[in-house]
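Undergrad: model this:
(chains A and B)
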Amino acid sequence: MSATTAGVLFIASLIIALALSHRPLGDYMYRVYTGTRHSLVERGVYRLIGVHPGAEQRWAVYARSLLAFSVVSVLALYGLQRLQDRLFLGLGLPPVPDHVAWNTAVSFVTNTNWQAYAGESTMGYLVQMAGLAVQNFVSAAVGMAVAMALVRGFARNRTELLGNFWVDLVRGTLRILLPIAFVAALVLVAGGIVQNFAAPHEVTTLTGGTQLIPGGPVAGQEAIKELGTNGGGFYNVNSAHPFENATGWTNWLEVFLLLVIPFALPRTFGRMVGQLRQGRAILAVMAVIALASVVLTNVFELAGEATVPQAVGAAMEGKEVRFGVPGSATFAAPTTLTSTGAVNSAHDSFTPLGGMMTLFNMMLGEVAPGGTGSGLYGMLILAVITVFVAGLMVGRTPEYLGKKIGAREIKLASLYFLVTPALVLSGTALAMGSPEQRAAMLNSGPHGFSEVLYAFTSVSNNNGSAFGGLTAGTPWYDVALGLCMVLGRFLPIVFVLALAGSLARQAPVPASAGTLPTHRAQFVGMVVGVTIILVALTFLPALALGPLAEGLS
Amino acid sequence: MEHMPSWVRQHMAAARAVIVLTLLLGAVYPLAVTGVAQALFHARAGGSPVESGGRVAGSALIGQSFTGGDGAPIGKYFQSRPSAAGKGYDPAASSASNLGPEDVLDVLPVPGATKGRQSLLTRVCARSQAAGRLEGVSGARPYCTPDGVGAVLKVFPAVGAPARAVSVNQACPATPFVTRYQGVTVECGRPGEDYAAGRTVPVRGDAKAVVPADAVTASGSGLDPHISPAYAALQAPRVARTRGLPLAEVQALVRRHTTGRSLGFIGEPGVNVLELNLALDGR
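TA: Predicted coordinates for the structure are as follows:
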């Protein structure tokens, strides 16, 4: 069997697995977020936290609870890193430097998981499991909570109430993420992913040299790292490390895990608004874009159009033998289409156009299928914008799911869309304007520019992957990229929640002959078009200076 | 709590939530996973150790260097891929090279001043030459000069008819890999001279590569435990010769340590170098 045939079957088997899982998982998540009963453990948790699970919140209260939780999380994670030398399981490592600790704290709380550090030489096991891995769970649950609040905004009428943040947070964590992660972690261990508390130990190699074999509670963290579309690796090289991703099939499983919740959430959405076909339309938009992106990334990487890959005979620099070129390309596309950002190969060494696909995926706003929760709310914002654009073109009243898209709604949706391009482009411009920051580039010419553009695109969209050549562990980059993560995460969330509040207040508009049907192929095509055109117009000049200049010269 | 301002109450609830969830997800969860994993898959959870002569000689999943103290390959061992992890296969410093696909221009060393920098292309060419020499085959590749650096010209002016052409990766007094480019005599590269203003022209040439792709590229982790079956096949005659073993026997061992695709279609076939070398030593 050729590598290409195997690569096609790899993608086909993923599609089948996702097609089989999205309905039961989507239905299950629907029951989780709409159920009225609290389990014994959950009641205990609510009592310890001191909240009334029955009390629903208005959008502003929901947002304030979310922000309070995130602020405290950042402080806790920052403190844990700064004090790791005085606590246990620190492996004798010194405190994490202040700028790296700040960057890492916001990185994991915002579900970005950008890494300004090398895991094996910076973070002790306590920080990894009680700091980073905890945020892997809860930052994903926060994303899902926001998505559920927005969907309730569409589903409910004449109310101020959007649900209870604490209930959504705890249920998403305990009922969805935890059980799947637990099972996945054990399966990963069976594949060779380590799970122990042994400190790195020295062995004498076959030729008489020495090697420090690392350990760590990796499998548990690896499972939630993919499932929660987090992406922060236990080790420096992330999922390229054999102890994080040992074989071909663990690679398959990791790609599946990072796609499974985002692709199931449209089903949950369809159930909650009482029209499954609306969920199917959103799913179709995600699937069309994702499939096109995965195929193109594979085509570019297999073609290997660039000087070094042509000299080598394949784009194998920065790729592992056990994954090969297709197994790396099929990981790279989903990890950037979602907000995961885990990598099993060095994106920096991809072909110019293959690397551009990973950039482009993030620039799409990570909506196909996007992060856990953030993908769904991002895509619903694009659907709102599409309805508005279509309404302008044909003179129909913009409505979506029986809700009027008026001035306030479209303002919030537009603000949501503008946040990341503003951060990406101004951040990149600031860095490129300073000789000191340009010096952080490893590669020269257009590729060096791509490294900087990639960094700001990745953090502003809360992805976390990198063109790893950039020396981003400097105070300037740590602070600048950290700010982009905070603004790129929480500004859009506030706009989404405000939109949800204003939708929930409305009375439903009965569908009329003038209503644009939003469940047909025509609408799917329009959302795909709007998504790609918006991105192309915003980012084409930047892409032309980087990967396009490199790939087409 | 009820008499406190609502923002204080919210942050109190948030602080408690962080503590409770940290205990559940940061202590109970990892301990439970570790307990079950250690009970069910003790060796794998512990890093898949492999033994040689009764002592642990490494992990089946972490590649090793099979070079001597001088960095030269040891002939009786199959060689791993090039590695960007520390000084090579250092698990305390896992890393890829992160060099881009158009990284083709070297900075030539200036004696007594700068050490220079090898481009990714030159690294590929040099590795190909070295592997070719070791295995007794041609180390030639497209875009590589016969002396094993990247075959790249800088042409001046950058736009218009060439007036000057320099083979920038070949330090003088080397003989340029082509004598003429579009009617202009090609010069060798003078260390320290700035050629940035010229147009970069990589020259493909007509060489066909014999040395496989994985032999000339560093992996994503720098710890890749595998080589391709093609690279193993290339090395088998040399290993058999050095060890005085029949080639067929070495080839049989290679086959035994080759992992196919999972379920027949997931991943790529690879040969585990450490386990293969251990098996050879154990004979």
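
Undergrad: out of all of them, which helix in chain B is the longest?
TA: Secondary structure of chain B read by DSSP state H shows that its longest helix is helix B:6-23.

Undergrad: Is there any residue in that helix that contacts chain A?
TA: Yes - judged by Cβ under 8 Å from any Cβ of the partner chain, helix B:6-23 and chain A are in contact via B:7, B:9-18, B:20-22. (Glycine included, C-beta is placed from N, CA and C.)

Undergrad: Weed out the non-buried ones from those.
TA: B:9-18, B:20-22 (16 or more other Cβ atoms under 10 Å in any protein chain shown).

Undergrad: A:Y416: what's it in contact with?
TA: The contact partners of A:Y416, by Cβ atoms under 8 Å, 6 or more residues apart in numbering or on different chains, come to A:I381, A:P492, A:F495, A:V496, A:L499.

Undergrad: typo on my end, A:S13
TA: A:W252, B:F265, B:I266.

Undergrad: Now for B:V254, how many residues are close by?
TA: Burial of B:V254 is recorded as 21 neighbouring residues (other Cβ atoms under 10 Å in any protein chain shown).

Undergrad: I'd say A:F197 and B:G35 touch.
TA: No - checked against Cβ atoms under 8 Å, the pair A:F197 and B:G35 is beyond contact range at 11.1 Å.

Undergrad: Among these two, which residue is more densely surrounded?
TA: Higher neighbour count among A:F197 and B:G35: A:F197, with 14 against 11, using other Cβ under 10 Å.

Undergrad: what residues are up against the closest residue in space to A:R271 that isn't next to it in sequence?
TA: Leaving aside its sequence neighbours, A:R271 sits nearest to A:Y30 (Cβ to Cβ, 6 or more residues apart in numbering or on different chains; 4.0 Å). Counting by Cβ under 8 Å, 6+ apart, A:Y30 touches A:R267, A:T268, A:R271, A:M272.

Undergrad: and A:Y30, what pLDDT?
TA: A:Y30 carries a pLDDT value of 98.

Undergrad: tell me the centre residue of the chain?
TA: Just so you know, I chose chain A. Central residue of chain A (Cα atoms, centre = their mean): A:S339, 1.3 Å from the mean position.

Undergrad: Oops, wrong one, chain B.
TA: Mean-position check on chain B, Cα atoms, centre = their mean. Result B:A218 at 1.2 Å.

Undergrad: Chain B contacts on the stretch 251-400 of chain A?
TA: Counting by Cβ under 8 Å from any Cβ, the stretch 251-400 of chain A sits next to chain B at A:251-252, A:306-324, A:327-328, A:343-346, A:348-352, A:355.

Undergrad: Which of the residues you listed fall within helices?
TA: A:251-252, A:307-312, A:324, A:327-328, A:352, A:355.

Undergrad: And the pLDDT for the residue of the stretch 151-300 of chain A found nearest chain B?
TA: Scanning the stretch 151-300 of chain A for the residue nearest chain B gives A:G248, at 1.9 Å (criterion: Cβ to the nearest Cβ). A:G248 is assigned a pLDDT of 96 by the prediction.

Undergrad: how near is it to B:S80?
TA: 19 Å (Cβ to Cβ, to the nearest Å).

Undergrad: can you map out the helices along the stretch 101-250 of chain A?
TA: A:119-122, A:125-126, A:133-155, A:165-171, A:178-191, A:218-227, A:248-272 (DSSP state H, counting those that start in this stretch).

Undergrad: and if you look at the stretch 1-150 of chain B?
TA: B:6-23, B:29-40, B:42-45, B:120-135.

Undergrad: Let me know the average pLDDT across the first one.
TA: Along helix B:6-23, the predicted confidence averages to a pLDDT of 93.

Undergrad: Check which helices and strands that helix is in contact with.
TA: For helix B:6-23, the elements it packs on are helix A:40-49, helix A:59-82, helix A:133-155, helix A:165-171, judged by 3 or more Cβ pairs under 8 Å, 6 or more residues apart in numbering or on different chains; DSSP states H and E.

Undergrad: Using PDB, write down the CA coordinates of the third one.
TA: Listed in PDB are the C-alpha atoms of helix A:133-155, where the atom choice follows Å, rounded to 0.1, in the frame of the first residue of the first chain:
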ATOM      1  CA  ALA A 133      -3.800  19.800  33.400                       C
ATOM      2  CA  VAL A 134      -6.600  21.200  35.600                       C
ATOM      3  CA  GLN A 135      -6.800  24.200  33.300                       C
ATOM      4  CA  ASN A 136      -6.900  21.800  30.400                       C
ATOM      5  CA  PHE A 137     -10.200  20.600  31.800                       C
ATOM      6  CA  VAL A 138     -11.800  23.800  33.000                       C
ATOM      7  CA  SER A 139     -10.800  26.100  30.100                       C
ATOM      8  CA  ALA A 140     -12.400  23.600  27.800                       C
ATOM      9  CA  ALA A 141     -15.500  23.500  30.000                       C
ATOM     10  CA  VAL A 142     -15.600  27.300  30.000                       C
ATOM     11  CA  GLY A 143     -15.700  27.300  26.200                       C
ATOM     12  CA  MET A 144     -18.500  24.800  26.100                       C
ATOM     13  CA  ALA A 145     -20.400  26.800  28.800                       C
ATOM     14  CA  VAL A 146     -20.200  30.000  26.600                       C
ATOM     15  CA  ALA A 147     -21.500  28.000  23.600                       C
ATOM     16  CA  MET A 148     -24.400  26.700  25.700                       C
ATOM     17  CA  ALA A 149     -25.300  30.200  26.900                       C
ATOM     18  CA  LEU A 150     -25.400  31.400  23.300                       C
ATOM     19  CA  VAL A 151     -27.500  28.500  22.200                       C
ATOM     20  CA  ARG A 152     -29.900  29.200  25.000                       C
ATOM     21  CA  GLY A 153     -30.100  32.700  23.800                       C
ATOM     22  CA  PHE A 154     -31.400  31.400  20.500                       C
ATOM     23  CA  ALA A 155     -33.600  28.700  22.100                       C
END
